[in-house]
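> sequence first, predicted model second:
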Amino acid sequence: MRATRLQLEGITPPQTRFYPERKDKDPGWLDEAGQAAVGRVARLAARFISPFEDSFELQRILSLSRGLAMLDEAAFDAKIREARVTLRLAGLTRTSIRLGIALAREASFRTLGLRQHKVQIRGALAMLRGRLIEMDTGEGKTITAGLAAAVAAMAGLPTHVITVNNYLAERDAQTLRPVYARLGLSTGVILEKTAPDERRAAYRCDITYGSNTEIAFDYLRDRLAFGQEGAQQIRRKLRRVCGPGGGENVPVMRGLHFAIVDEADSVLVDEARTPLIISRQSNPEDEAAWTTRALQIARALKRGPDYKVIGDERRVELTETGRETIGRLVANEAGLWESPIRRGEVIHQALTALLIFKQGEHYLVNDGKVQIVDEYSGRLQPDRSWSDGMHQLIETKENVEVTGQNLSIARMTYQRLFRRYLKLAGMTGTAREVTGELISVYGLVTQRIPPNRPSRLRFSMPRVYRTQDRKWRAVVADAKAEINRGRAVLVGTRSVAASYAVSAALTAAGVAHRLLNAETDAEGAAIIAQAGQAGQVTVATNMAGRGVDIALAPEVVAAGGLHVICTERHDAGRIDRQLAGRAGRRGEPGSVSIRLSLEDPLLEVIEAPMTRILTWLPFVGPAMALRLFDRAQRQAEKSHARMRKELVRQDRRLNQLLSFTGGLE
């Protein structure tokens with residue numbers, strides 16, 4: 001009966017409960033320990049058993065693909081219609097997955113002229129099992145995700161493909177839309193300016209593309225409007241009876257069924273340090289008044305007796321003497337200055353704004369506005385602002401117009417959001433360093449997918465110089481030598497300020513180059529398009545490491561490929577690997593050189609006297625200096641991991657405290 005209905009009605013989606021999602025329970029220590037143990041076993045299975053399992057499945061899929069390739073267009077379309085009924089009825093079983101991947105692979109060839117390689121099929125198989133795959137840069141993660149998304153959608157799972165920004169969401173959706181259409185699947189895209197009604201329509205497509213920010217805030221707005229499970233059961237039942245035709249009374253999304261997260265380490269780890277907040281704005285005049293006074297008091301305090309800076313955790317700590325000093329300075333002032341706890345928090349924030357947050361590294365001032373720079377991608381985030389008055393303090397510090405503070409109405413972390421998907425998968429080029437965290441937080445097992453062609457990337461011995469000036473001279477000399485060989489050069493920097501320092505050194509040496517950072521982001525596509533030409537030098541922040549492809553001219557490949565110069569170590573080793581991975585893609589030749597200095601910002605996280613002693617020594621061996629960088633990077637990574645765990649704990653505590661009102665969702 002059900003099969004007949006599906007065939008007659010053109011594959012009607014199965015009935016599901018209202019807004020399906022996984023119940024996100026706060027695990028106890030025993031649950032966490034158990035999940036960690038299960039995760040370790042699953043990781044071993046993914047490493048040692050999955051390759052044999054994949055080989056068997058792969059042969060079956062390739063056999064099916066050969067049969068589909070022999071069909072004419074009409075027969076192939078008939079096979080698609082038949083297979084969609086089978087997939088809807090059977091769900092994601094081994095047999096249905098094989099058939100779905102073979103169909104999607106053949107549809108990809110007939111529409112785009114591309115057939116996924118064996119390693120890409122293995123990647124799709126792993127994601128359909130709910131795993132996170134690690135594929136090298138340039139191995140075709142976009143069309144690998146297309147295979148998995150198409151199979152899941154044909155099986156009746158509304159599928160979200162989540163990217164790190166709107167550009168990639170729109171690009172990937174447009175690239176794969178013809179494939180999905182050939183399979184009878186609809187495709188929607190969520191962009192920043194998409195209206196609510198258009199968002200509803202996009203989410204009701206079989207496959208929806210969007211950035212992590214857009215999808216997360218759509219979910220949070222739905223929770224804010226329609227409440228949590230159990231909070232408004234009567235309204236839920238009424239909406240379920242009324243069906244989807246309720247206009248604004250219907251949520252924008254239709255639940256959290258299946259998500260494929262692109263650049264998963266960025267979305268699930270790096271972005272997880274920032275909570276999702278829906279807010280209202282306070283009075284800008286009030287904000288300007290207290291921030292001005294707070295910065296005056298902070299500047300009057302003395303480092304040492306009043307406060308100390310903890311470099312490895314990027315934070316400031318007030319001493320008891322400092323709190324007493326603040327009390328004397330505001331003895332006759334009213335308002336927030338009357339509370340010792342409140343004024344201590346405010347001055348702590350002001351000191352952080354003055355001493356920790358730096359223009360060109362953490363933010364830029366554009367058109368009289370403070371705009372946050374994502375330290376992992378190097379991109380501007382104009383729609384974001386720091387919480388707890390930090391944004392207003394930095395606006396006052398930079399003498400720009402002070403805006404209203406965003407006061408929380410609803411709040412959630414990425415950790416809690418992505419754990420609520422009924423099925424979660426992902427892909428990235430760099431997951432090795434965070435496999436444990438991905439298992440413990442999201443239950444995601446990482447599976448390594450080998451490259452289609454062996455890597456030909458060569459690394460030279462890292463060099464460490466005493467000063468920044470010496471390092472920049474070495475970078476210029478390195479770039480000159482490589483372009484004289486007919487190669488293309490990419491110089492990677494950690495911050496906007498560093499990119500300008502490299503640019504100035506290259507200009508002084510007469511080396512023509514292009515600059516790509518948060519301030520020139522609008523020209524990014526044009527700059528990257530030329531970055532693979534012979535003799536071209538491109539200076540870029542971390543944004544060059546994600547989501548873009550540097551196509552090399554044939555003469556550049558013949559001369560040795562792209563040469564990447566890493567000029568700094570990042571807080572996370574994954575980011576360094578992403579930059580290095582720009583060279584040697586798809587088995588092309590390439591090389592990487594690393595040029596560091598004892599004045600690099602990363603070393604600020606460890607004790608300053610140690611770096612001073614090294615600069616005074618007549619000779620510092622490279623091994624000793626590199627161990628110093630390794631130590632600083634490990635401390636920074638541990639600090640960030642602690643911050644992410646603490647954010648989850650705070651989120652849990654806040655929801656427990658406010659549970660009688662339904663929480664902050």
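Nice, I can see it.
> residues near Gln392, how many?
Neighbours of Gln392 under the rule other C-beta atoms under 10 Å: 28. Quick note: C-beta positions are derived from backbone N, CA and C, even for glycine.
> ok, it - contacts?
287-288, 291, 402-403, 405 (C-beta atoms under 8 Å, 6 or more residues apart in numbering).
> just the buried positions in stretch 553-565, please.
For stretch 553-565, burial by neighbour count (16 or more other C-beta atoms under 10 Å) applies to 553, 556-557, 559-565.
> centre of the chain to that stretch, how far?
Centroid separation for stretch 553-565 versus its chain: 29 Å, with C-alpha atoms, centre = their mean, to the nearest Å.
> also stretch 332-349?
36 Å.
> check stretch 84-94 too.
32 Å.
> also stretch 475-483?
Worked out by C-alpha atoms, centre = their mean, stretch 475-483 lies 32 Å from the chain centre.
> next one: stretch 400-420
Relative to the centre of its chain, stretch 400-420 is centred 17 Å away, using C-alpha atoms, centre = their mean.
> also stretch 89-103?
30 Å.
> which of the residues in it are buried?
Quick answer for stretch 89-103 (16+ other C-beta under 10 Å): 92, 96-103.
> any stretches of the stretch 101-250 of the chain with poor pLDDT?
Residue ranges of the stretch 101-250 of the chain with pLDDT under 70: 227-249.
> can you add secondary structure and give the buried residues of stretch 89-103 back as a markdown table?
Shown next, in a markdown table, are the buried residues of stretch 89-103 (DSSP: H, G, I helix; E, B strand; the rest coil):
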| residue | secondary structure |
| --- | --- |
| Leu92 | coil |
| Ser96 | helix |
| Ile97 | helix |
| Arg98 | helix |
| Leu99 | helix |
| Gly100 | helix |
| Ile101 | helix |
| Ala102 | helix |
| Leu103 | helix |
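> which among those gets closest to Gly130?
The nearest member of the buried residues of stretch 89-103 to Gly130, counting by C-beta to C-beta, is Leu92 at 9.7 Å.
> surely that closest one meets Val151?
Yes. Between Leu92 and Val151 there is a contact under C-beta atoms under 8 Å: 7.3 Å.
> now do the shared contacts for these two.
Leu128.
> sec struct for Ser385, please.
coil.
> now the nearest residue to it once chain neighbours are set aside: how far from Glu333?
Leaving aside its sequence neighbours, Ser385 sits nearest to His391 (C-beta to C-beta, 6 or more residues apart in numbering; 4.1 Å). Applying C-beta to C-beta, to the nearest Å, the value for His391 to Glu333 is 23 Å.
> which one's more surrounded, these two?
Using other C-beta under 10 Å, the more surrounded residue of His391 and Glu333 is His391, with 24 against 12.
> please verify my assumption that the more buried one contacts Val370.
Yes. Between His391 and Val370 there is a contact under C-beta under 8 Å: 6.5 Å.
> what packs against the longest strand along the chain?
In the chain, with assignment by DSSP state E, the single longest strand is strand 589-597. Here strand 589-597 touches strand 456-459, strand 463-465, helix 468-484, strand 562-566, going by 3 or more C-beta pairs under 8 Å, 6 or more residues apart in numbering; DSSP states H and E.
> ok now it, how far from the chain's centre?
24 Å.
> same thing with stretch 433-452?
For stretch 433-452, the distance to the chain centre is 15 Å (C-alpha atoms, centre = their mean).
> domain-wise, how is this structure divided?
29-275+414-448, 283-404, 456-643 (automatic domain parsing).
> and after whichever helix or strand Met127 is part of, which helix or strand comes next?
Assigned by DSSP states H and E, Met127 falls within helix 118-128. Following helix 118-128 in sequence order, the next helix or strand is strand 132-134 (DSSP H and E).
> so after that next one, what's the next helix or strand?
Next element after strand 132-134 (DSSP H and E): helix 141-154.
> so what secondary structure elements neighbour that following helix?
Counting contacts by 3+ C-beta pairs under 8 Å, 6+ apart, helix 141-154 packs against helix 73-90, helix 94-112, helix 118-128, strand 159-163, helix 166-182, strand 207-211, strand 258-262, strand 423-428.
> relative to Ile326, how far out is Thr319?
11 Å.
> higher neighbour count, these two?
Just comparing Thr319 and Ile326: by other C-beta under 10 Å the higher neighbour count belongs to Ile326, 24 against 14.
> returning to what we had before: name the residues that touch the helix holding Met127?
Outside helix 118-128, the residues touching it (C-beta under 8 Å, 6+ apart) are 46, 50, 54, 57-58, 61-62, 92, 97, 101, 105, 116, 133, 135, 139-141, 143-145, 147-148, 151-152, 260, 425-427, 447, 449-452.
> for that helix, output the C-alpha coordinates as PDB.
Extracted in PDB, the C-alpha atoms of helix 118-128 (Å, rounded to 0.1, in the frame of the first residue of the first chain):
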ATOM      1  CA  LYS A 118      37.300   5.700  -5.600                       C
ATOM      2  CA  VAL A 119      38.600   7.700  -2.600                       C
ATOM      3  CA  GLN A 120      35.700  10.100  -3.000                       C
ATOM      4  CA  ILE A 121      33.200   7.200  -2.900                       C
ATOM      5  CA  ARG A 122      34.900   6.000   0.300                       C
ATOM      6  CA  GLY A 123      34.500   9.400   1.700                       C
ATOM      7  CA  ALA A 124      30.700   9.400   0.900                       C
ATOM      8  CA  LEU A 125      30.400   5.900   2.400                       C
ATOM      9  CA  ALA A 126      32.000   7.100   5.700                       C
ATOM     10  CA  MET A 127      29.800  10.200   5.900                       C
ATOM     11  CA  LEU A 128      26.600   8.200   5.400                       C
END
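> by how many degrees do that helix and strand 423-428 diverge?
150 degrees (axes from the mean of the first three to the mean of the last three C-alpha atoms, to 10 degrees).
> coming back round to it: and the helices and strands packed on helix 141-154: which comes nearest Ile356?
strand 207-211 (27.5 Å).
> relative to the whole chain's centre, how far out is that closest one?
Distance, centroid of strand 207-211 to centroid of chain: 15 Å (C-alpha atoms, centre = their mean).
> what does whichever helix or strand comes after it contact?
Using DSSP H and E, the helix or strand that follows strand 207-211 towards the C-terminus is helix 212-226. The contact list for helix 212-226 (C-beta under 8 Å, 6+ apart) reads 19, 160, 162-164, 166, 169, 190-192, 194, 199, 203, 210, 232, 235-236, 239, 251-253, 256, 261, 267, 271, 276, 278, 383, 409-410, 412, 414, 417, 665.
> over to stretch 168-183?
80, 84, 103-104, 107-108, 110-112, 142-143, 145-146, 149-150, 153-154, 161, 163, 186-191, 206-207, 209-211, 214, 262, 547.
> restricted to buried residues, select those in PyMOL.
Buried residues within those, by 16+ other C-beta under 10 Å, are selected in PyMOL with:
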select buried, resi 80+84+103+104+107+108+110+111+142+143+145+146+149+150+153+154+161+163+187+188+189+190+191+206+207+209+210+211+214+262+547
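> just send the buried residues of stretch 89-103 back as CSV, with distance to Ile527 too.
Below are the buried residues of stretch 89-103 laid out as CSV (distance: C-beta to C-beta, whole Å):
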residue, distance to Ile527
Leu92, 42
Ser96, 44
Ile97, 41
Arg98, 43
Leu99, 43
Gly100, 39
Ile101, 36
Ala102, 39
Leu103, 39
